[in-house]
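>>> Need coordinates for the below:
(chains A and B)
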Amino acid sequence: MSKIKELLSLFLSMLKIGTFTFGGGYAMISLLEGEFVSKKRYLAEDEFVDLVTIAESTPGPIAINCSTYIGYKVGGVLGACVSTLAMCLPSFVIIYLISLFLNSFLEIPLVAAAFRGIQVAVLYLILKAGMKMLRAVPKTPFSIILFSITFLAVVLFALFGKDFSAVLAILVSAALGLFLHFLRILKEKRGRTK
Amino acid sequence: MIYLNLFLYFLEVGAFSFGGGMSMISLIQDIVIGNGWLTEVELLRMIAIAESTPGPIAVNIATAIGASQGGILGAILATLGVVLPSFVIILIIAALLNNLLKYQAVRVVMESIRPTVVGLIFGVFVTLGALTLFGTKNIYTPIRIDYLGIALFALLFLVSLLYKKITKKEPSSILIILFSALVGMIIY
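Predicted coordinates:
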């Protein structure tokens, strides 16, 4: 019985956070901390810091990574399912409802004009997100080269109307990083045996 | 067929996006433009909706694109696709590899991916910017400059700078979107 109660409370907490946080994963982190570390004490402070690092460095939406992890800690695999479902549900319902009305909504001239303004806002938000992430990247020669090549490649490919694969770029940079890393290890070993 | 495609493409987005939110936009751009699902303008509109509604941005975008291509079933499959890789990877980490980050190889991979992801974001900014503000996709299409759009873009920088001076906080995404909507209604 207490197990069901715990899952229900988890479901409701995640539902609440999913419904009331604007701005995606990063905005959610402080709410998750308040709910699950300070209030309900499901996670210790240092465990939560680890969780954020894991959520940021594994693929996928940060909010989903966090909710799956917290759910698992509270109630195992079932807890992870309940928690992730609750995190997605508000988004899904709200967006689905909007999508039903969007097209007829856009036929109103004033709304169409508003959306032309909003397009510019989104450009601004993309640039701002990029600049924030750029500041957080350690400035090593390797990272500067990767950044510049990727950026130039995207722009040049688009300029000449060719398709660019973001997935391929990510895979190649991971492989390059590993290759250089193992080369360094090999060099160190050789230096030691000499 | 569209259902399977939605699921598989968003599975790819979920598996290869690092850093949340905006970092997956280049992946999503590849998919929706490549498949002819949306135009760039429609994509920007969906990003705006995803940013200004509550919840994870990735889930918002997946639901919106899924619904636009395949109704409710499309929305469910796209959302499931974007969530599934995260869910599986995090379960494995939480259950088995709690000290994953102590493996050096994992750290090296993360550090090498990050600058590439940032490069991708700047690339998206330039390509979508060229389209919205200069009306051109590539060297083969004519340029049509949107002076009002460029003015609004500059105005957003000024206003957010001013906002930061007064409140000591960055303006939230919603505030910027609402402000631009208002200006858009006036100038267009």
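
>>> ranges for the helices of chain A?
A:2-20, A:25-32, A:45-57, A:62-106, A:109-136, A:141-159, A:166-193 (DSSP state H).

>>> Would you mind putting those helices into TSV with mean pLDDT alongside?
Below are these laid out as TSV (pLDDT from 0 to 100):
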stretch	mean pLDDT
helix A:2-20	91
helix A:25-32	80
helix A:45-57	82
helix A:62-106	92
helix A:109-136	88
helix A:141-159	93
helix A:166-193	89
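
>>> Among the ones you listed, which comes closest to residue B:171?
With respect to residue B:171, and counting by Cβ to Cβ, the nearest of the helices of chain A is helix A:109-136 at 9.8 Å. Placement of C-beta: from N, CA and C, glycine included.

>>> Does chain B have contacts with that closest one?
Yes. Counting by Cβ under 8 Å from any Cβ of the partner chain, chain B has neighbours in helix A:109-136: A:110, A:112-127, A:129-130, A:133-134, A:136.

>>> Just the buried residues out of the residues you listed, in ChimeraX syntax.
In ChimeraX, a selection of the buried entries from these looks like this (16 or more other Cβ atoms under 10 Å in any protein chain shown):
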select /A:113,114,115,116,117,118,119,120,121,122,123,124,125,126,127,129,130,133,134
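
>>> Apart from its neighbours in sequence, what residue is nearest the residue of chain A found nearest chain B?
Per Cβ to the nearest Cβ, residue A:117 is where chain A lies closest to chain B, at 2.0 Å. Nearest residue to residue A:117 in three dimensions, chain neighbours excluded: residue B:184, at 2.0 Å (Cβ to Cβ, 6 or more residues apart in numbering or on different chains).

>>> Same check on residue B:45?
Nearest one to residue B:45, counting by Cβ to Cβ, 6+ apart, is residue A:115 at 5.7 Å.

>>> give the contact list for that neighbour.
For residue A:115, the contacting residues are A:106, B:45, B:48, B:181, B:184, by Cβ atoms under 8 Å, 6 or more residues apart in numbering or on different chains.

>>> In a markdown table, list those along with distance to residue A:161, neighbour count and secondary structure.
Below are those laid out as a markdown table (distance: Cβ to Cβ, whole Å; neighbours: other Cβ atoms under 10 Å in any protein chain shown; DSSP: H, G, I helix; E, B strand; the rest coil):
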| residue | distance to residue A:161 | neighbour count | secondary structure |
| --- | --- | --- | --- |
| A:106 | 28 | 14 | helix |
| B:45 | 23 | 20 | helix |
| B:48 | 26 | 23 | helix |
| B:181 | 32 | 20 | helix |
| B:184 | 29 | 24 | helix |
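
>>> Are stretch A:13-24 and chain B in contact anywhere?
Yes. Judged by Cβ under 8 Å from any Cβ, stretch A:13-24 comes into contact with chain B at A:18, A:19, A:20, A:21, A:22, A:23, A:24.

>>> what's the nearest residue to the last one if we skip its chain neighbours?
Taking Cβ to Cβ, 6+ apart as the measure, residue A:24 lies nearest to residue B:57, with 3.9 Å between them; neighbours along the chain are not counted.

>>> who touches residue B:8 in this structure?
Residue B:8 neighbours (Cβ under 8 Å, 6+ apart): residue B:81.

>>> do residue A:91 as well
Residue A:91 touches A:18, B:53, B:54, B:55, B:56, B:59, B:60, B:63, counting by Cβ under 8 Å, 6+ apart.

>>> list the contacts for the first one?
When you say that, I think you mean residue A:18. A:63, A:86, A:87, A:88, A:89, A:90, A:91, B:54, B:55, B:56.

>>> make it 7 Å
A:86, A:87, A:89, A:90, A:91, B:54, B:55 (Cβ atoms under 7 Å, 6 or more residues apart in numbering or on different chains).

>>> Correct me if wrong: the third one contacts residue A:15.
Spelled out, that is residue A:89. Yes. Using Cβ atoms under 7 Å, residue A:89 is in contact with residue A:15, at 6.4 Å.
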